[in-house]
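Colleague: Curious how this folds, go ahead:
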Amino acid sequence: MTQERTAAATAGQRPAVDDTGPLATVIAQRTAGGHRITFIGGPARGHSSRAFLAATDATAALLGTLVLTPAQRHPLLVAAFVVLVLGLFRNAGLFRRFDERYMLDDLPVVAGRLAVAWCVLMAAATLPPLAPISPHAVLTGFAAQGVLTFLGRSLVYWRRRVSLVRRPCTTLLVGPEQTAARVAAALQRSPRSGVNLVGVVSDSAAEPRPDDPAASLPVLTTVGDMRRAVIQNGVRRAIVLGSAGAPEHLTWLRALSELRCEIWELDPEPSPYVAQYRTPRRQLAGFPVRPLVAPPLPRHPGKRALDLAVSSVLLVLAAPVLLTCAVWLRLSEGPGVVFRQERIGKDGRPFTLLKFRTHRPADPLESATRWSVANEHRMPWFCRFLRRTSMDELLQLWNVFRGDMSLVGPRPERPYFVVQFSETHPGYSERHRMPTGITGLAQINGLRGDTSIEDRCRFDNAYIDNWSLWRDISILLRTASEFFRPTGS
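Modeller: Residues are numbered from 1 along each chain as shown. Below you'll find the predicted structure:
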């Protein structure tokens, strides 16, 4: 069941702590392809420009080899030369994202990499059965490729600069309001920077001056306001004024990273004594900026294979138990043996979780928003038995087999509580980096049912950060040894 809006907390459930009201814009919304929690602010920019640059450089390399004789243009040699040129350019950072860049700035680096590539090509051509390449042919090819690369990259850079002016990147400033106002005024006076400021994120709002050109920008003082601004305006970038590691910025940056915004660091007061010892940084309206690189997403080789192997075997072995439970529930409790509920999985994608029905909520709203407690006093004895032994969760093996979730991972939660816990507990949304699971590190440490969400976050993120295939196996073995537990999930 899917709730299209956030309901107010009722008695018996955990209240939201955000004083800005329900975050209805981040609850699962209905689309043509289903439902999805909105955790992404906007598409990353610059990918098309990098593709154009790579295509331009590869074309210039191919055309540059036309100065060679047919005997010298061995297909494998030409292909290796193109790959070498692209690799040298990539190593030099010539495919990184760029703003306000001109080809003349990169000309020395491009010329040096091309010289290295042609020297390697001339040395490789001396190996049999290839035909040697004369120094004159190398110089001619180097010059031809250099001209083509210069013209092609100049065109791509020009196209990028025009695109920045026509379609600037929606951006938030994070920092003290007075400093943000000064930086905002400078950015607004420089349209070529490609920045469209939509707000300032600050701990407190000061009274704006009438002559301040940035006075029209809204000041966002709560995480809830900032989240709404990011989603409603399609914000793709946040610029932090000063050090991004400052304690006062951590809360904002954690929420912005969960919303998939780029994080840049801008120095509003650059010092010449410090700058001379630093690696040269990019410029934005004259301010030195540095994009902060997010940590790479963890890879989990073998996890899906383990899920398929174990879930398929367990489904076959547990088929008699599943059938017995279904028949008993049907005869004793009536229709509706299987309970279906929307939960949030990897990357914020919702899926339908399956369980044996052990409790009938009053209505769909209660099912989606009530924080259930394991020991319901009015449950029939068989339903209490299923919950206490966690046998009501055996149907989730089908979710694992389908790929909705994994055997081991953070427990999935309902959309209503995902929004609340993401606001209340730092790092909660980071649990969605990995597929959710039937059991996990938090569960084998006793964090089941009505237990601390903060502790669950800590254990779940520790599991993700230190994942290994053997750790999954060990958690499964520990879960099997503690199958009969006094509490359910």
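
Colleague: Can you tell me how far Pro132 is from Ala79?
Modeller: Distance of Pro132 to Ala79, computed by CB to CB, to the nearest Å: 19 Å. Where you see a C-beta, it was placed from the backbone N, CA and C, and this is true even at glycine.

Colleague: now the helices for the stretch 51-200 of the chain?
Modeller: 75-91, 103-124, 135-166, 177-188 (DSSP state H, counting those that start in this stretch).

Colleague: Quick one: list the elements packing against the shortest one.
Modeller: Packing contacts for helix 177-188, counted by 3 or more CB pairs under 8 Å, 6 or more residues apart in numbering; DSSP states H and E, involve strand 169-174, strand 195-201, strand 237-241.

Colleague: Now do that helix and strand 237-241, the angle between them.
Modeller: 130 degrees (axes from the mean of the first three to the mean of the last three CA atoms, to 10 degrees).

Colleague: For helix 177-188, give the mean pLDDT please.
Modeller: Here helix 177-188 scores 87 as its mean pLDDT.

Colleague: now the longest one
Modeller: Taken as a whole, helix 135-166 carries a mean pLDDT of 90.

Colleague: Any idea how far apart the tips of stretch 432-444 sit?
Modeller: 19 Å (CA to CA, to the nearest Å).

Colleague: got the buried residues for it?
Modeller: 432-444 (16 or more other CB atoms under 10 Å).

Colleague: I'd like those as JSON lines, with secondary structure appended.
Modeller: Shown next, in JSON lines, are those (DSSP: H, G, I helix; E, B strand; the rest coil):
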{"residue": "His432", "secondary structure": "helix"}
{"residue": "Arg433", "secondary structure": "helix"}
{"residue": "Met434", "secondary structure": "coil"}
{"residue": "Pro435", "secondary structure": "coil"}
{"residue": "Thr436", "secondary structure": "coil"}
{"residue": "Gly437", "secondary structure": "strand"}
{"residue": "Ile438", "secondary structure": "strand"}
{"residue": "Thr439", "secondary structure": "strand"}
{"residue": "Gly440", "secondary structure": "coil"}
{"residue": "Leu441", "secondary structure": "helix"}
{"residue": "Ala442", "secondary structure": "helix"}
{"residue": "Gln443", "secondary structure": "helix"}
{"residue": "Ile444", "secondary structure": "helix"}
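
Colleague: hmm, back to that, between the helices and strands packed on helix 177-188, which gets nearest to Ser406?
Modeller: strand 237-241 (31.9 Å; CB to CB).

Colleague: what ranges of the stretch 1-150 of the chain fall below the confidence cut-off?
Modeller: For the stretch 1-150 of the chain, the stretches flagged by pLDDT under 70 are 1-48, 97-100.

Colleague: what mean pLDDT does the strand or helix carrying Val418 have?
Modeller: Val418 is part of helix 415-424, with elements assigned from DSSP states H and E. The pLDDT scores in helix 415-424 average 84.

Colleague: tell me which strands and helices it is in contact with?
Modeller: Counting contacts by 3+ CB pairs under 8 Å, 6+ apart, helix 415-424 packs against strand 338-344, helix 364-369, helix 453-465.

Colleague: ok, of these, where does mean pLDDT dip lowest?
Modeller: Minimum mean pLDDT among these: helix 364-369, a mean of 55.

Colleague: Could I get the average pLDDT for the helix or strand just after it?
Modeller: Along the chain past helix 364-369, the next helix or strand (assigned with DSSP H and E) turns out to be helix 381-388. Mean pLDDT, helix 381-388: 80.

Colleague: list the helices and strands the following helix or strand past helix 381-388 packs on?
Modeller: Of the helices and strands lying after helix 381-388 in sequence (DSSP H and E), the nearest is helix 396-402. Contacts defined by 3+ CB pairs under 8 Å, 6+ apart place helix 396-402 against helix 303-317, strand 350-356, strand 437-439.

Colleague: Burial check on Pro268, number of neighbours?
Modeller: Using other CB atoms under 10 Å, Pro268 has 15 neighbouring residues.

Colleague: ok, Met379 touching Glu333?
Modeller: No: assessed by CB atoms under 8 Å, Met379 is found out of contact with Glu333, at 10.2 Å.

Colleague: ok but His249 is inside a helix, no?
Modeller: Yes: per three-state DSSP, His249 lies within a helix segment.

Colleague: Quick check: pLDDT value at it.
Modeller: 78.

Colleague: can you check the one 4 residues further on too?
Modeller: Here, the pLDDT recorded for Leu253 equals 81.

Colleague: who touches the helix or strand where it lies?
Modeller: When elements are assigned from DSSP H and E, Leu253 belongs to helix 250-258. Contacts with helix 250-258, where a contact means CB atoms under 8 Å, 6 or more residues apart in numbering, come from 39, 172, 174, 201, 223, 226-227, 230, 238, 240, 244, 263, 294, 422, 426-427, 429-430.

Colleague: Since that was my last question, I'll sign off now.
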